[in-house]
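K.L.:
Fold the following and give me the result.
(one chain, ligands or ions: 1)
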Amino acid sequence: MEDNYEEYDNAFVGNLGDMGYGEDTQAAGEPASQIENKPKIFLMGLKRSGKSSIQKVVFHKMLPNETLFLESTSKVVKNDISNSSFVQFQIWDFPGQLDFFDPSFDYEYILNNCGAIVFVIDAQDEIIEALQKLHQTIAKVYQINPNIHFEVFIHKSDGLSDDHKIDRQRDIQQKTTEELADANINVHPSFYVTSIYDHSIFEAFSKVIQKLIPQLPTLENLLDVFISRSRIEKAFLVDVVSKIYVATDNSPVDMQTYELCSDMIDVVIDVSCIYGLKEEEEGLGYDQESHSVIKLNNGMVLYLKEVNKYLALVCLLRESNFDKHGLIDYNFICFKKAIEEVFSRKTTKAGAKKTIKKAN
Ligand SMILES: Nc1nc2c(ncn2[C@@H]2O[C@H](COP(=O)(O)OP(=O)(O)OP(=O)(O)O)[C@@H](O)[C@H]2O)c(=O)[nH]1
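P.N.:
So this is what the prediction gives:
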C-alpha cells in the first residue's frame, strides 16, 4: 500500500498530541510512527472536482489561476502541513478515480486515524454521480469509524448565480439528509459553498480545522472576554501561514471582515519581508515584534499582534474605541499569557503521559 503514496513537504515538525494542536516543541525529523499518528483530513470526491486545487491554494499559496494547469492526481498524495504552520496535520488527497473501498486497499487501517473527510462536489457539473459516491462513502466509513466528521464542499461556486448557489446547496443537503435517514445512518454532515477564487475556501477550511481543535471552547471564551473588555467588534486568531482562523469570538462571522483581517496579514508579512529582513536573511518576516495598526477610511481600525510563532490576533474595532489603545495593549498581554497557558498545559499533559508510560 505504501507504494501508492507520493509525499511532498517533508518538513515534519510539531507536537500535536492526540488529535490536537500545540506549540512547536519538537525538532525536525520525527520518527515515521509519529508522522503516521498525525491527525488526518482526507480530501475525496469525483475526478476534477477540485481537490488538489483546494489544498494547493490554501496550504501552498498557489494562485487560483495556476490550478488550471494541475494534472490529474494518479496516486494518494500525503501532504504534511509544514513546520511553519500552527495547523499541523496531514492532508491526504485521493485521486477521483480511486476506489477507496477496494478490498486490496487497507482502508480500515487508514480510517482509524482520520479526523475529517472533506468531500468535494463540483457544483458546476451534474451532481448525481457525486451524490451517490458521497452517500456510499459516508455509509461505509460510518461502519468503521463513526467519529469522523463529514464535511461537504459544494465547490466551484464562482460559476453560479446567487440563486443557483442556494438551490444547489438545498438540493444536495436535502438529498443527503434523506438518504442517510432512510439508511438509518446517524451522521450529520456539514455543508459549505466554496470556491478557490474567493475567501470561502479559507473560511470553510477554518471551520473544518476548528472541529479538530480540542481547546476551541477555551480559545473562544478568551476571545469573547478580550473583545468585550477592549471594545472590539470582531477578533480572529489566525494561523499566519495558511490564514486559516483557528478561533474567533462568538459573534457571527461576516465574510468581508474575515477577508479584511486576512488581507492585513498579507500586508504585514509583505512589508516585513521587503523592509524588515536584513540582507541575505530568509524567513517569513514574522516575529515577537510583529504588530500593526491600520486606520481605514470608514472609521474602523485593524489591529494585529503576534501571539506566538504561528498565530496572530487580528481585530476590527471602531476608531472611536481606539482612543484607549493602552488598555487594548494591556488586555492583549493578558490574553497572550492565557493562550500560552492553554497550550503549555497541553504540552505538559502530553509530557506527563509519556513519563508515566516510561515508568510502566
Ligand atoms: N471555477 C473554478 N474552477 C476550479 C475551482 N477549484 C478547482 N477548479 C478547477 O478544476 C479543475 C480540476 O481541479 P483539480 O484540483 O485538478 O481536481 P481534482 O479533484 O484534484 O482532480 P483529480 O486529481 O482528477 O481527482 C482545474 O482546472 C481547476 O482550476 C473553483 O473553485 N472554481
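K.L.:
Show me the helices in the stretch 151-300 of the chain, by range?
P.N.:
For the stretch 151-300 of the chain, the helices defined by DSSP state H, counting those that start in this stretch cover 162-182, 200-210, 216-230, 255-271.
K.L.:
so which of those helices gets nearest S72?
P.N.:
S72 lies closest, by C-beta to C-beta, to one member of these: helix 200-210, at 19.9 Å. (C-beta placed from N, C-alpha, C; glycine too.)
K.L.:
Give me the packing partners of that closest one, helices and strands only.
P.N.:
Packed against helix 200-210 by the contact rule (3 or more C-beta pairs under 8 Å, 6 or more residues apart in numbering; DSSP states H and E) you find helix 51-60, strand 149-155, strand 190-193, strand 245-248, helix 255-271.
K.L.:
Recalculate using a threshold of 7 Å.
P.N.:
Helices and strands touching helix 200-210, by 3 or more C-beta pairs under 7 Å, 6 or more residues apart in numbering; DSSP states H and E, are helix 51-60, strand 245-248, helix 255-271.
K.L.:
rounded to a whole number, what's the mean pLDDT of the longest one?
P.N.:
Regarding helix 255-271, the rounded mean pLDDT is 90.
K.L.:
that older thread, need the helices and strands packed on helix 200-210 in TSV with distance to I154, can you?
P.N.:
Shown next, in TSV, are these (distance: least, C-beta to C-beta, whole Å):
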stretch	distance to I154
helix 51-60	13
strand 245-248	21
helix 255-271	16
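K.L.:
how about a markdown table for those, with mean neighbour count and distance to the ligand added?
P.N.:
A markdown table is the format used below for the helices and strands packed on helix 200-210 (neighbours: other C-beta atoms under 10 Å; distance: least, C-beta to the nearest ligand atom, whole Å):
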| stretch | mean neighbour count | distance to the ligand |
| --- | --- | --- |
| helix 51-60 | 21 | 3 |
| strand 245-248 | 24 | 20 |
| helix 255-271 | 17 | 15 |
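K.L.:
Could you count how many residues lie near the closest residue to Q173 other than its chain neighbours?
P.N.:
Counting by C-beta to C-beta, 6 or more residues apart in numbering, the nearest residue to Q173 once its immediate chain neighbours are dropped is F191, at 5.2 Å. The tally of other residues near F191 (other C-beta atoms under 10 Å) stands at 20.
K.L.:
and G299, which of the helices and strands packed on helix 200-210 is closest to it?
P.N.:
The nearest among these, by C-beta to C-beta, is helix 255-271 at 13.6 Å.
K.L.:
thinking V342 is in contact with T218, fair?
P.N.:
Yes. V342 lies in contact with T218 (C-beta atoms under 7 Å); the separation is 5.5 Å.
K.L.:
Mind telling me which of the helices of the stretch 151-300 of the chain the model trusts least?
P.N.:
Ranked by mean pLDDT, the helices of the stretch 151-300 of the chain end with helix 255-271 at the bottom, a mean of 90.
K.L.:
What angle do helix 200-210 and that one make with each other?
P.N.:
90 degrees (axes from the mean of the first three to the mean of the last three C-alpha atoms, to 10 degrees).
K.L.:
Off-centre distance for stretch 59-66?
P.N.:
16 Å (C-alpha atoms, centre = their mean, to the nearest Å).
K.L.:
residues in contact with that stretch?
P.N.:
Stretch 59-66 has contacts (C-beta atoms under 7 Å, 6 or more residues apart in numbering) with K56, V57, I81, I196, Y197, S242.
K.L.:
Among those residues, list the two that are farthest apart in space.
P.N.:
Maximum distance among these (C-beta to C-beta): 22.3 Å, for I81 and Y197.
K.L.:
Comparing the two, which shows the higher neighbour count?
P.N.:
A direct count of neighbours by other C-beta under 10 Å for I81 and Y197 places I81 higher, at 27 against 15.
K.L.:
Spell out which residues of the stretch 1-150 of the chain are next to the ligand.
P.N.:
Counting by C-beta under 6 Å from any ligand atom, the stretch 1-150 of the chain comes close to the ligand at 45, 47-53, 67-68, 70, 72-73, 95-96.
K.L.:
just the buried members of those residues?
P.N.:
G45, S49, G50, K51, S52, S53, T67, T73, P95, G96 (16 or more other C-beta atoms under 10 Å).
K.L.:
Quick one: neighbours of T176, just the number.
P.N.:
As a burial measure, T176 scores 21 neighbours (other C-beta under 10 Å).
K.L.:
Sorry, wrong one. I was asking about K309.
P.N.:
Neighbourhood size, K309 [other C-beta under 10 Å]: 16.
K.L.:
before we move on, the earlier item: looking at the buried ones among the residues of the stretch 1-150 of the chain next to the ligand, which one is closest to Q136?
P.N.:
G45 (12.4 Å).
K.L.:
Bridge partners for that closest one, pull those for me.
P.N.:
Counting by DSSP bridges, G45 is bridged to V120.
K.L.:
so it makes contact with P95?
P.N.:
No. If you go by C-beta under 7 Å, G45 and P95 don't touch, sitting 10.2 Å apart.
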